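Visitor: turn this into a model:
(chains A and B)
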Amino acid sequence: MIDPDHLAAIRNDMMRFARLQLRDAAAAEDAVQEALLAALAKPDAFGGRAELKTWIFAILRNKIVDIIRQQARTTNVSAFSAEEEALDQTFESLFKANAHWTPEARPRDWGDPQAALRQQHFWQVFDACLNLLPENTARVFMMREFLEFETTEVCKELSITANNCNVILHRARHALRRCLERGWFAAGEQTC
Amino acid sequence: MLKCKEVTRLLSESQDRELPPAQRLPLRLHLISCRGCRNYKAQLNLLREACRSYAELAGPDPDA
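Guide: Model (predicted):
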């Protein structure tokens, strides 16, 4: 029913996704294992290959959300570390005293985004940039952008205020775009 | 008149909810005249697209 080679390839993608979300190899392994078991238990629940991957990833997302909910009870996501402090200082340094961009920091034109998304190397840089985010900042960003929670749900699950959530998401997006600009789009056109 | 620093915050928030009209107009005005912030907006859109298509498009892990 399910081709073992195809499943092995999907498993690799799942591990990578789960590790990125959870930053914990053992927890990632557990989540992937459980999702695969759930999938194998119902081999007739999907049609073709594409559906299989989409379906297994949907199960994996749910497993990851469960683990995050458990972790949220014992972690304080609003905690502000030296790493977050450093990101905020970098952000401030990009602006002149009048709060407009300094010429060097002005965001560049990244050209055709679709072309970037088709390149393997882009995803390696993207992974590296995601892994550089401080843990609490990454947690909020991942829930919003990868697990596709609404911000109100993120606040609720992690017991943080809406304002704090906005601040953290802004910090994460800013850090990522800057990391990508330096790591991937550095050859892009400088605008004036 | 909005400053670029504030515009980055509004652009981030507009990824999460529709901004109130009182903020939308000044933001649009700023974007018309500021290419850096227009690029910033496009960059945030790319980030979103990359995250949403991650499972489908990101290739196998070289370490796996």
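Visitor: chain B: helices as residue ranges?
Guide: Assigned by DSSP state H, chain B shows helices spanning B:4-13, B:21-33, B:35-52, B:54-57.
Visitor: can you give me the buried ones in the helix or strand hosting residue A:156?
Guide: For residue A:156, the element it lies in under DSSP states H and E is helix A:151-158. Across helix A:151-158, burial judged by 16 or more other CB atoms under 10 Å in any protein chain shown covers A:151, A:154, A:155, A:157, A:158. Yep, even glycine has a C-beta here, placed from its N, CA and C like the rest.
Visitor: could you give the mean pLDDT of the next helix or strand after that helix?
Guide: Once the chain leaves helix A:151-158, the next helix or strand it forms, by DSSP H and E, is helix A:162-183. Regarding helix A:162-183, the rounded mean pLDDT is 95.
Visitor: stretch B:17-24 now?
Guide: Rounded mean pLDDT across stretch B:17-24 is 94.
Visitor: for stretch B:36-48, same thing?
Guide: What stretch B:36-48 shows for mean pLDDT is 96.
Visitor: which element is the residue most central in space within chain A on?
Guide: By CA atoms, centre = their mean, chain A has its centre lying nearest to residue A:142, at 4.0 Å. Per DSSP H and E: residue A:142 is located in helix A:135-145.
Visitor: spatially central residue for chain B, please.
Guide: With the centre of chain B defined as its mean C-alpha position, the nearest residue by CA atoms, centre = their mean is residue B:44, 3.1 Å away.
Visitor: what's near enough to touch that one?
Guide: Contact analysis of residue B:44 by CB atoms under 8 Å, 6 or more residues apart in numbering or on different chains lists A:173, A:177, B:11, B:12, B:15.
Visitor: count the residues that sit near residue B:1.
Guide: Residue B:1 has 6 neighbouring residues, counting by other CB atoms under 10 Å in any protein chain shown.
Visitor: can you pull out the helices in chain A?
Guide: A:4-22, A:25-41, A:49-72, A:82-93, A:113-117, A:120-132, A:135-145, A:151-158, A:162-183.
Visitor: if anything else comes up later, I'll come back, but that's it for now.
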